[in-house]
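Trainee: Okay, sequence plus prediction incoming.
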Amino acid sequence: MTLQDATDTTAAPQLSPEQQLAGEYYQHQALICQWFATLLAKELDETALKAYMSGEAAPLLEDLEGISELAKPVQQLSQAISTLHLLEQPKLELAADFASLFLSDARHSPAPYASLYLDEGRFSGPSLQRMQARLAAIGMVVSAQLTEPADHVSIMLDYLAEGYRQLAEHPTPAAEATVANFVQDELASWLPEWANRGQKIDTASQFYPALLSLIAAYFAD
């Protein structure tokens with residue numbers, strides 16, 4: 001996704017030490033959300049796959065493992081990454097897993113669309129309309145390379161990452177409440193069911209099922 005208007009040169013306000021600490025926290029939140037969004041937008045390409053297999057994600061995973069509620073799903077994802085080299089054709093097999101999970105029959109797969117979970121199993125419901133309005137309100141457009149509706153989870157996480165980046169620069173109680181409400185109302189309420197569906201699909205690797213479990217745990221109450 002890209003911002004339509006990147007010309008705003010308004011200087012950020014001077015932040016107090018407490019606000020600077022909060023800003024660092026929100027930047028970290030943005031990083032995590034962007035990472036999740038990238039992994040769910042498309043299959044891993046050769047460069048990304050080599051990076052994971054060479055251990056480049058280890059520092060981030062170790063950081064997340066320090067959060068007790070995330071320890072188990074992080075360990076599962078780390079284990080899945082460590083065994084990717086055992087696949088005969090890692091890139092092709094992970095691409096097949098991606099398709100089985102996210103591009104197949106939405107009635108049984110963990111289809112990545114909020115409307116299916118929040119709007120009684122139907123596409124293009126109020127959840128989609130709310131996301132379209134949110135994107136329009138901040139001038140965000142979906143990349144032409146991602147031909148998905150606005151309630152696709154990767155787009156929602158990308159939007160959330162932008163919200164956290166804005167919070168890092170301009171932390172206000174109202175903005176914090178807006179982001180918290182979005183997480184609670186539009187993500188946390190359906191991610192557990194989404195992750196549970198992912199555990200029921202036969203996959204060559206546990207990479208994506210473990211990732212879904214981690215995402216659901218990350219946004220849990």
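Mentor: Received it, and whenever you're ready, just let me know what you need. Numbering: from 1, shown residues only.

Trainee: any idea of the pLDDT on residue 121?
Mentor: Per-residue pLDDT puts residue 121 at 78.

Trainee: Just the C-alpha atoms of stretch 128-145, please, in CSV.
Mentor: Presented in CSV, the C-alpha positions along stretch 128-145 are these (Å, rounded to 0.1, in the frame of the first residue of the first chain):
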residue,chain,number,x,y,z
LEU,A,128,-15.4,-4.0,3.9
GLN,A,129,-17.2,-0.7,3.8
ARG,A,130,-15.7,0.4,7.1
MET,A,131,-12.2,-0.4,5.9
GLN,A,132,-12.8,1.4,2.6
ALA,A,133,-13.9,4.5,4.5
ARG,A,134,-10.8,4.3,6.8
LEU,A,135,-8.4,4.1,3.9
ALA,A,136,-10.1,7.0,2.1
ALA,A,137,-10.0,9.1,5.3
ILE,A,138,-6.2,9.0,5.4
GLY,A,139,-5.5,9.0,1.7
MET,A,140,-4.3,5.4,1.5
VAL,A,141,-4.7,3.3,-1.6
VAL,A,142,-4.1,-0.4,-2.1
SER,A,143,-1.1,-1.2,-4.3
ALA,A,144,-2.1,-2.2,-7.8
GLN,A,145,0.0,-5.4,-7.2
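
Trainee: Flag every buried residue along that stretch.
Mentor: Using 16 or more other C-beta atoms under 10 Å as the test for burial, stretch 128-145 gives 128, 130, 131, 134, 135, 140, 142. Quick note: C-beta positions are derived from backbone N, CA and C, even for glycine.

Trainee: Quick check: which element contains the fourth one?
Mentor: Using DSSP states H and E, residue 134 falls within helix 126-137.
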